[in-house]
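In: Provided below for reference: sequence and predicted model.
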Amino acid sequence: MKKTILPILLLLLSAQLSAQDFSVSDLTCEHRTDPLGIDQAQPRFTWKVKTERRGWKQGAFRIQVASVADFSTAAIIWDKKVDSDVSVLYSYIGVPLQSGTRYWWRIKVWDEKGADSGWSEPAWWETALLSVADWKASWIEPEQEAAPPRYSPGHLLRKEFATNKKIASARAYATAHGLYELYLNGRKVGDQALTPGWTVYYKRLQYQTYDVTGYLQEGRNIAGAMLGEGWYRSGLGWEKNWAFYGKKLAFLCQIHIRYTDGTEEWVLSDGSWKTSNQGPVQANEIYYGEDYDARREIPGWSTVAFDDQNWRNVTKANYSKSNLVAAGSVPVRLIGEIKPVRIFKTPDGTLVADMGQNMVGWIKLKVKGKKGKTVTLRHAEVLDKNGNFYTANLRNAKQRIRYTLRGDKNGEIYEPHFTFMGFRYVAVDGFPGELTPEALTGVVVHSDMKQTGTFECSSPLVNQLQHNILWGQKGNFVDVPTDCPQRDERMGWTGDAQVFARTSAFNMDVAAFFTKWLRDVAAEQRPSGAVPFVIPDVLDRPDSMKVGVSAGWGDAAVIIPWTMYQVYDDRQLLENQYTSMKAYVDFIHKKSGDSLIWRGGSVFGDWLFYHPSPTHLDYHVSPDAHTNHDLISTAFFAHGADIVSQAANVLGKTEDAAYYKDLFEKIRKTFVNEFITPSGRTISSASQTSYVLALHFGLMPEHLRATAVKYLAKDIRDKKKHLSTGFLGTPYLCHVLSENGESELAYDLLLQETYPSWLYPVKMGATTIWERWDGQKTDSTFQDPGMNSFNHYAYGAIGDWMYQAAAGLRMGAPGYRHIVIEPHLTGKLNYAKAAYQSSYGEVASGWERSGDKITLRVTIPPNTTASIRIPGTDKESVRESGTPLASSAGLKKTTNQGDGLELEYGSGKYVFEWTLKSGK
Ligand code: BGC
């Protein structure tokens, strides 16, 4: 009897041990889930723990990497157990990895008491081509004139090849000069758009990796490609910079086939490919749009059924491959679809569809009609004062589609290939029959970042503002962070990205997106350390604006890496960008010389700050919204030095840390001397931005902070609670107020409905963030069409304050390893709540009030700790999940803080209830 009981007991015991109340999930490699094409030699792993348990902490973890999914002993190439709470971006440091190979990995974690989770589900990543020598294919060029005309047709390429054995797996690696779409046996490969994306091509050209196993067939196969102009050859920038990167389009591709018998084969782009420019794409460019003649479609052109004997030969081209890099960001994809909310005729007789949302992407057109009929789609963001279709603000960007029907009796469906548009309204011309919503579908296109944040409060207008911020991000995170997605810019304006980066990282997972773009920032940086206005830099031409540097713009090279490091605890990103960060600050230092005042360093000033105009003088008292440019540039110089010193500290570069800290102190002193009066006024400008920068960057002497805040607050009150800041002051304005006892005034600004304010555009019907506070004036006339985008994320930087201060969801240590919950309560809202998917799991903070009764709901993810600040009460008066604090499970420490409490907890879900002491 005993003999049988013991094993059963042991079995029960082990089942007990593994059936834990925690498990591991969400395994990511280099910020991505099961990614193909990772070119890091030592990729990094992140995992999350799921548990409801309060105060859960990881005591240890074990990681295994294997060459096959079953983790059989022979297949394991790396097996490591570490006593550590690290669960974010842990580096692989096993044997060197092979190119083009899939590796499986799994994780087991232990809590602090030694119980383990059992193994996670396996995850994988696949290496890219890790060395230039792995490229066997040749660059090929379709036949092109030496000086091809602008708006030339797209090119088709194809190649037949045979597979005679059973295929185990196949991968395609592809890129282009221009944009490409890869086809196999008549099917477009993958679901990515606008490949290979936009980078500093001559230094970093991305290639994509595709799993094409399911696209191949035994026997004859056809590989095909379509090529369009893309960023490579389109006119970019307002100076009609055509063919900035080169005049000839080219294609590079290799397909790696592994057979089940262990043999392998490569299909390469080479001189044997055939090409034609007789296809349907007649003209295409990023700003222009696309002309597509469906009569010229070549049925089956990328299938074996087609005979290519009339096609031309391609030419091999000898471009270097040393600039090739694996795609570093999440792909651009077709993310969603929206239908028109209204189809109507404008007063001047134009047939227009209203998509109900200012969006970026294109229209999928469904049409049935006679062969040869052309349907034209024009795209605009707004209707004018009279309700007519308005395109003047698009400047030289046509963003027009011309589709000529092939006359299919069953109807035809068309989507453009090599362009995108920023629009809410579509003017439709030449549509056969009655135009119904069925004919038009808005396809929303952007980098496929996971949404990580939500914010909501009791003000529907603020909720619409949050919606607008999110849509501004979608529309302008199309592989590169752009200023706007519609007019003839759509460029990686550094300043815009700098001011919006923090907010963007709440809304979506931008880790991979910015990792990639920051590499381009470093790649474009001049040997002097100068950082151009736009990245990739398409403004630097002999006849154009020379590399200019402007304070607050060039600082993207310093501020964004620091922000990303903090949000994602990504030390490697900081390490990679450090030389660039330092070089930029050193560049400013050289420009400033011994004076430490960066004279002439601000080209754009506090861009688009409030300018009084006759129609807006009604409430305006003081015209002092202008900020002295040297004050701006010197403030950013100081801030840059401060950040580099902190970054050096993180990276253990103690000498640098001391040097830049000292530099910061010196600039601070100079700044005070030059721009601040002994009574705490900023001199040479008394603008809101000047106070905001001095206070936020720690330049205002401690003893003058309170008076400086008073001057700032007075200016806002004098303006009847209106802001007057531009791009540079706006992101920090409300932070400065709420951090200095003026949180009610910050709410007044947030909730202000009249111009200039965040809610004024909302009241005017905006569905994205406007470039200008008054893009459309109260009488419905527009601002200067030369500079008036209705989808410009910069002023959306208030989102950061909404998450951090209104909802109170703040980071306490890099990566949210420690969290600070500190809601700024107000009587002006009934509730505010935010949630954020951090690298550790969900962080949430939300409060609601009914009279003086407050409820605060908090979620703290496993393996993190939190300081939760409870204002306006004492420890006897707070209930947590219905119990007094004294018996609140998991409470580690309570301290009095200001007029309230600070509570230390670990992970868990908490509900605090209290009644505000009078006067709050
Ligand atoms: C862009 C801005 C940019 C600015 C520089 C504009 O044309 O659209 O957003 O930052 O130029 O001042």
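Out: In hand now; what should we look at?
In: show me what contacts the nearest residue in space to Glu880 that is not next to it in sequence?
Out: Distances taken as CB to CB, 6 or more residues apart in numbering place Ser888 nearest to Glu880, at 4.0 Å, with adjacent residues excluded. In short, each C-beta sits where N, CA and C put it, glycine included. Residues near Ser888 by CB atoms under 8 Å, 6 or more residues apart in numbering: 880-881, 910.
In: now Arg395
Out: By CB under 8 Å, 6+ apart, the contact set of Arg395 is 238, 487-488, 785-786.
In: Could you report the pLDDT at the residue nearest to Glu880?
Out: As predicted, Ser888 sits at a pLDDT of 97.
In: Can you list phi and psi of it for me?
Out: Per-residue torsions, Ser888: phi -70, psi 120 (degrees, to the nearest 10).
In: any idea how far it is from Glu913?
Out: Distance, Ser888 to Glu913, using CB to CB, to the nearest Å: 12 Å.
In: follow-up on the earlier one: from the contacts of Ser888, which land in strands?
Out: When DSSP state E is applied, those are split such that 880, 910 fall in strands.
In: so which of the contacts of Ser888 also contact the ligand?
Out: When CB under 6 Å from any ligand atom is applied, no member of the contacts of Ser888 is adjacent to the ligand.
In: Only whichever of the contacts of Ser888 are buried, select them in ChimeraX.
Out: Restricted to buried positions by 16 or more other CB atoms under 10 Å, the ChimeraX selection for the contacts of Ser888 reads:
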select :880,910
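In: just the contacts of Ser888 now: which is nearest Ile107?
Out: Nearest to Ile107 among the contacts of Ser888: Tyr910, at 27.4 Å, using CB to CB.
In: can you count the residues close to the nearest residue to that closest one once chain neighbours are set aside?
Out: Using CB to CB, 6+ apart and skipping the chain neighbours, the partner closest in space to Tyr910 is Val858 (4.6 Å). Val858 has 24 neighbours, counted by other CB atoms under 10 Å.
In: Okay, and Val858 sits in which element?
Out: Following DSSP states H and E, one finds Val858 within strand 853-860.
In: Could you do Thr563 as well?
Out: Per DSSP H and E: Thr563 is located in helix 556-568.
In: Packing partners of that helix?
Out: Counting contacts by 3 or more CB pairs under 8 Å, 6 or more residues apart in numbering; DSSP states H and E, helix 556-568 packs against helix 494-507, helix 511-524, helix 571-592, helix 629-650.
In: so how far is that helix from its chain's centroid?
Out: 13 Å (CA atoms, centre = their mean, to the nearest Å).
In: Compute the inter-axis angle for that helix and helix 511-524.
Out: For helix 556-568 against helix 511-524, the angle by axes from the mean of the first three to the mean of the last three CA atoms, to 10 degrees is 160 degrees.
In: And the average pLDDT for helix 556-568 is what?
Out: pLDDT averaged over helix 556-568 gives 98.
In: which residues does the residue in the stretch 201-350 of the chain that the ligand sits nearest to contact?
Out: Nearest to the ligand, among the residues of the stretch 201-350 of the chain, is Trp238, at 7.8 Å (CB to the nearest ligand atom). Going by CB under 8 Å, 6+ apart, Trp238 touches 395-396, 488-489.
In: nearest to the ligand, of the contacts of Ser888?
Out: The nearest member of the contacts of Ser888 to the ligand, counting by CB to the nearest ligand atom, is Tyr910 at 41.6 Å.
In: What does the pLDDT read for that closest one?
Out: 98.
In: which two in the contacts of Trp238 are spaced the farthest apart?
Out: The distance between the two most remote of the contacts of Trp238 (CB to CB) is 10.0 Å, for Asn396 and Glu489.
In: ok, these two, which is more surrounded?
Out: Ranked by neighbour count (other CB under 10 Å), Asn396 and Glu489 place Glu489 first, with 22 against 13.
In: With adjacent residues omitted, what lies nearest to the more buried one?
Out: Asp483 is the one closest to Glu489 (CB to CB, 6+ apart), at 5.5 Å.
In: Surely the one you found is in contact with Gln498?
Out: No - checked against CB atoms under 8 Å, the pair Asp483 and Gln498 is beyond contact range at 11.6 Å.
In: Just want to know which of these two has more residues nearby.
Out: Gln498 (26 against 22).
In: ok, now which ones touch that one?
Out: 552-553, 555-556, 559-560.
In: For it, which non-adjacent residue is spatially closest?
Out: Leaving aside its chain neighbours, Gln498 sits nearest to Ala556 (4.0 Å; criterion: CB to CB, 6+ apart).
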